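# got a sequence here, can you build the structure:
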Amino acid sequence: MKRSLIVLCLVFAATTAFAFDTTKSSNRIGILRGESEGGSAMERSLLSELRSRGFDVFDIGLTYEELLDQEAVPIADYIVEINGAQARTADYGGVDVVGRHADVSLGVVVSKVSGELRLYDGATMELIATSDLSKRSTALMPTYVGIGGGWIYASVALPFIERAQHRSVAKKAAREAASFVAATVRGGAREEMKREE
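The predicted model follows:
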């Protein structure tokens, strides 16, 4: 009887200990919408990157100016904004590889994203830190495909390849931004603990 009671207590203690998720951060982070469309891919990727690092992150759905006009209680411990985000993809040159019934046009595709990451205190909207974001990728990719034979010929553009490269560059920039935010937030939390001691 005593043994089964001891085993039951140990099982209960073990399951209770595993119920606490120590990877989650108590810091709640809100991500603002940018003024330009160029930052939307970076904002979505940043949201995902910060969640994967254990932060409680959400999309505020407002720009910086709209949030200031709200006059509401603080909704997060920290607010992140990607300011002046720009996204550009350009196709340079083109080499056609022609076959009997098909041809492919290859071009040098350059994708670039840039902007300034701003981290604010969620209670006061005081600017805590900034970081410049800039990532670029260059690759030789197919941009057009043509198929035909006899009297019929069709050529199709492949814009989804450029969009995929743009998303990849945005993810790289978001990964760098997430590292910066995580280091700043966790460093700030350590400083706060030292002051309380």
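# mind checking the SS state of Glu35?
coil (DSSP: H, G, I helix; E, B strand; the rest coil).
# 30 is where my numbering starts, stick with that
Sure thing, new numbering starts at 30, so read that last one as Glu64.
# from Gln115, how far off is it?
Glu64 is 11 Å from Gln115, where distance means C-beta to C-beta, to the nearest Å. No exception for glycine: its C-beta is placed from N, CA and C like everyone else's.
# who touches both of those two?
Residues touching both Glu64 and Gln115 (C-beta atoms under 8 Å, 6 or more residues apart in numbering): there are none.
# CA atoms only: put the one helix or strand Gly175 maps to into PDB for me.
Taking DSSP states H and E as the criterion, Gly175 maps to strand 156-178. The C-alpha coordinates for strand 156-178 follow below in PDB (Å, rounded to 0.1, in the frame of the first residue of the first chain):
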ATOM      1  CA  LEU A 156      12.100  53.700 -28.500                       C
ATOM      2  CA  ILE A 157      14.500  51.100 -26.900                       C
ATOM      3  CA  ALA A 158      16.600  50.000 -29.800                       C
ATOM      4  CA  THR A 159      17.000  50.100 -33.600                       C
ATOM      5  CA  SER A 160      18.700  47.900 -36.200                       C
ATOM      6  CA  ASP A 161      19.100  48.200 -39.900                       C
ATOM      7  CA  LEU A 162      17.800  45.300 -41.900                       C
ATOM      8  CA  SER A 163      19.200  44.500 -45.400                       C
ATOM      9  CA  LYS A 164      19.400  41.200 -47.200                       C
ATOM     10  CA  ARG A 165      20.000  40.400 -50.800                       C
ATOM     11  CA  SER A 166      20.000  37.300 -53.000                       C
ATOM     12  CA  THR A 167      21.200  36.800 -56.500                       C
ATOM     13  CA  ALA A 168      20.500  33.700 -58.600                       C
ATOM     14  CA  LEU A 169      20.400  32.500 -62.100                       C
ATOM     15  CA  MET A 170      16.700  31.300 -62.600                       C
ATOM     16  CA  PRO A 171      14.300  30.400 -65.400                       C
ATOM     17  CA  THR A 172      12.000  33.400 -66.100                       C
ATOM     18  CA  TYR A 173      10.100  32.200 -69.200                       C
ATOM     19  CA  VAL A 174       9.200  28.800 -70.700                       C
ATOM     20  CA  GLY A 175       8.100  28.300 -74.200                       C
ATOM     21  CA  ILE A 176       6.500  25.200 -75.700                       C
ATOM     22  CA  GLY A 177       5.500  24.700 -79.300                       C
ATOM     23  CA  GLY A 178       5.800  22.800 -82.500                       C
END
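# relative orientation of the longest helix along the chain and strand 156-178 in degrees?
Using DSSP state H, we find that the single longest helix of the chain is helix 188-225. Angle, helix 188-225 to strand 156-178, by axes from the mean of the first three to the mean of the last three C-alpha atoms, to 10 degrees: 160 degrees.
# just checking, what packs against the strand holding Gly175?
The elements that strand 156-178 packs onto, with contact taken as 3 or more C-beta pairs under 8 Å, 6 or more residues apart in numbering; DSSP states H and E, are strand 107-127, strand 131-150, strand 181-186, helix 188-225.
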